[in-house]
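> with the input below, show me the fold.
(one chain, ligands or ions: 1)
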Amino acid sequence: MAIPNPNRILCSDHIFDGRNLLEGHALVFDTQGQIIELLSGDQFQKSDAEYLPGLICPGFVNAHGHLELSHMKGRVNAGTGLIPFLKAVVSLREVDPAEIERAIIAADEEMWREGIVAAGDISNKRDTIPVKSKSPIRYFTFIEAFDLWQDTMAETFYKGYQEVYEAYGDLPKSLSPHAPYSVSPTLFEKIKMANPQASILSIHNQEVSDENLLFLDGSGGFKDFIQGFGFSMDHFKPTGRNSVYYAMAHLEPKHQMLFVHNTLMAREDIRSVLNWNPRSYFVSCPNANLYIENRLPRYEDFRNEKAKVCLGTDSLTSNWRLSILEEIKTVLKYQASIPVEEVFQWACLNGAEALGMEAWAGSFEPGKKPGILWIQEFSKQPNGFILDSKAQVKRII
Ligand SMILES: [Zn+2]
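Next up, the predicted model:
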């Protein structure tokens, strides 16, 4: 008696395999979603395959989010600029724990519906542990430390973060600095010592011009921002260089790094980071950048430096949705010269590598279980590939 073949064969007009857009191919996978192989047009009979018009691609990786801020959705106005935004976030932190929990669950479900299979998540608290423990999404948590440049209080702040770090138990995690303008040299030292060599760290980087100004000559709004909490900045000495050089001076290049936002990053800064640590990834959150500051990074500089770009949604505080497909649409809308397959690689394989999840996620290689997504509203026109602005994700597995 013949054993029925449990594998599924899907063919589509386009299959994005993690690096390239293939035409007329078929994808073979088993009932668990494990990739068996990709077949070219002459290797399969169309009658043996299910045809899905449009595009098939691996599950998306959201390289940067803040699940624990999900309850602030719609509460902070768009277009205020980063510093007023941060002030609003601080003021909205204390709300009913049940409301926080409901919002975290809903945000996790939204990401899953949107085809996200893995996420890098910034956490200051323990709130997201229950969801991360049972979600189908695999999370890497960056437990985020800051002391608002108060060296004398670094130890006290650090103890709190250490407790949160311990509470995450076996969940993938690291202790990560928040941003150059909020982490003192003393706290940086402690973070460096706390992480084992194989850790992956994240830092918010050059999100607004005030951040570079602080380090260049002490100007910009961040001194006032920190003094507004009753802290002194009298001890702060500008370095005369963009903020990322301060971060590099206090981080260990042995750690894989995610630099997040990079909106004001100069091409020379990108090159310096890659010379310092080739295992650096550059996460862009285009819709959050538009929400907060209404500007985007200069992607061509990253492409010219062969830097690995990833995509993130940031939190619902600074975004309308938690959808990597929406981030892809925004990049293509504002920077139409970037090849579509490159932006999909940002959304899939680069994000998987950045989070250390490339063994199972990010591409259709045999043995991986990256999730399989179908985007119907994708076509090839004489002037190139078109991702329709109304395109939606359908999860195949
Ligand atoms: Zn963030």
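> quick check: mean pLDDT of the longest helix seen in the chain?
Scanning the chain for the longest helix, with DSSP state H as the assignment, gives helix 97-113. Mean per-residue pLDDT for helix 97-113: 96.
> beyond that helix, next helix or strand please.
strand 116-123 (DSSP states H and E).
> could you list the buried residues of the longest helix of the chain?
In terms of neighbour count (16 or more other CB atoms under 10 Å), helix 97-113 has its buried residues at 100, 101, 103, 104, 105, 106, 107, 108, 110, 111, 112. No exception for glycine: its C-beta is placed from N, CA and C like everyone else's.
> same thing with stretch 191-200?
Neighbour counts over stretch 191-200 (16+ other CB under 10 Å) mark 191, 192, 194, 195, 199, 200 as buried.
> same check on stretch 200-217?
200-216.
> just how off-centre is the lowest-mean-pLDDT helix or strand in the chain within its chain?
The helix or strand of the chain with the poorest confidence is helix 82-91; it has a mean of 80 (mean pLDDT, DSSP states H and E). Averaged C-alpha coordinates place helix 82-91 at 21 Å from its chain's average position (CA atoms, centre = their mean, to the nearest Å).
> what are the contacting residues of it?
69, 72, 75-77, 80, 207-208, 210, 221-222, 225, 228, 292-293, 317-318 (CB atoms under 8 Å, 6 or more residues apart in numbering).
> buried ones among those?
Buried members of these, scored by 16+ other CB under 10 Å, are 69, 72, 76, 207-208, 210, 221-222, 225, 292-293, 317-318.
> hey, where'd the helices end up in the stretch 251-397 of the chain?
267-276, 286-292, 299-304, 324-334, 340-345, 351-354 (DSSP state H, counting those that start in this stretch).
> okay, those in TSV with mean pLDDT next?
Shown next, in TSV, are the helices of the stretch 251-397 of the chain (pLDDT from 0 to 100):
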stretch	mean pLDDT
helix 267-276	98
helix 286-292	93
helix 299-304	98
helix 324-334	97
helix 340-345	97
helix 351-354	98
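> would you mind finding the most buried of these?
Stretch with highest mean neighbour count among these: helix 351-354 (a mean of 28; mean count of other CB atoms under 10 Å).
> show me what it is packed up against.
strand 60-65, strand 116-123, strand 280-284, strand 308-311 (3 or more CB pairs under 8 Å, 6 or more residues apart in numbering; DSSP states H and E).
> of all those strands, which lies closest to residue 250?
strand 280-284 (14.9 Å; CB to CB).
> circling back to that earlier point, what about the longest helix of the chain, distance to the chain center?
18 Å.
> which of the helices of the stretch 251-397 of the chain sits closest to residue 38?
Comparing the helices of the stretch 251-397 of the chain by CB to CB, helix 340-345 comes nearest, at 14.9 Å.
> ok, residues contacting the closest one?
Contact with helix 340-345 is made by 16, 18-21, 57, 303, 311, 328, 331-332, 384-385, 387, as judged by CB under 8 Å, 6+ apart.
> of the residues you listed - the most surrounded one?
In terms of neighbour count, residue 57 stands highest of those at 30 neighbours, by other CB atoms under 10 Å.
> what residues are up against the closest residue to it other than its chain neighbours?
Distance criterion CB to CB, 6 or more residues apart in numbering; nearest residue to residue 57, sequence neighbours excluded, is residue 16 at 4.0 Å. Applying CB under 8 Å, 6+ apart, one finds that residue 16 lies in contact with 22, 55, 56, 57, 58, 341, 344, 348.
> and residue 393, by the same measure?
Counted by CB under 8 Å, 6+ apart, residue 393 has contacts 60, 113, 114, 115, 323, 325, 373, 374, 375.
> before we move on, back to that, could I get the buried ones among the contacts of helix 82-91 as CSV with distance to residue 42?
As requested, the buried ones among the contacts of helix 82-91 are exported to CSV (distance: CB to CB, whole Å):
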residue, distance to residue 42
69, 51
72, 53
76, 54
207, 49
208, 53
210, 58
221, 61
222, 60
225, 62
292, 50
293, 50
317, 51
318, 48
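> returning to what we had before: for residue 45, state which of the buried residues of helix 97-113 is nearest.
Nearest to residue 45 among the buried residues of helix 97-113, counting by CB to CB, is residue 112 at 33.8 Å.
> right, and the closest one touches residue 137 too?
Yes - counting by CB atoms under 8 Å, residue 112 does reach residue 137; the two are 5.8 Å apart.
> what sits against residue 120?
61-65, 139-140, 142, 202, 258, 283, 312, 351, 354-355 are the contacts of residue 120 under CB under 8 Å, 6+ apart.
> just the pLDDT at it, thanks.
For residue 120, the pLDDT comes out at 98.
> okay, now the domains of this structure?
For the chain, automatic domain parsing gives the domain ranges 8-58+367-395, 60-354.
> could those go into JSON lines alongside distance to residue 360?
Formatted as JSON lines, these follow (distance: least, CB to CB, whole Å):
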{"stretch": "domain 8-58+367-395", "distance to residue 360": "5"}
{"stretch": "domain 60-354", "distance to residue 360": "8"}
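> assign the closest residue to residue 261 other than its chain neighbours to helix, strand or coil.
Closest residue to residue 261 apart from its sequence neighbours, by CB to CB, 6+ apart: residue 207 at 4.1 Å. When classified by DSSP: H, G, I helix; E, B strand; the rest coil, residue 207 comes out as coil.
> for residue 207, grab phi and psi.
phi -80, psi -30 (degrees, to the nearest 10).
> and it, how far is that from residue 80?
13 Å (CB to CB, to the nearest Å).
> joint contacts of those two?
With CB under 8 Å, 6+ apart as the test, residue 207 and residue 80 both reach residue 292.
> neighbours around residue 258, how many?
Residues lying near residue 258 (other CB under 10 Å) number 25.
> quick one: contacts for it?
When contacts are counted by CB under 8 Å, 6+ apart, residue 258 touches 63-64, 120, 142, 200-203, 280-283, 310, 354.
> switch the cut-off to 10 Å
With contact set as CB atoms under 10 Å, 6 or more residues apart in numbering, residue 258 has these partners: 63-64, 120, 140, 142, 176, 200-205, 280-283, 310, 312, 351, 354-355.
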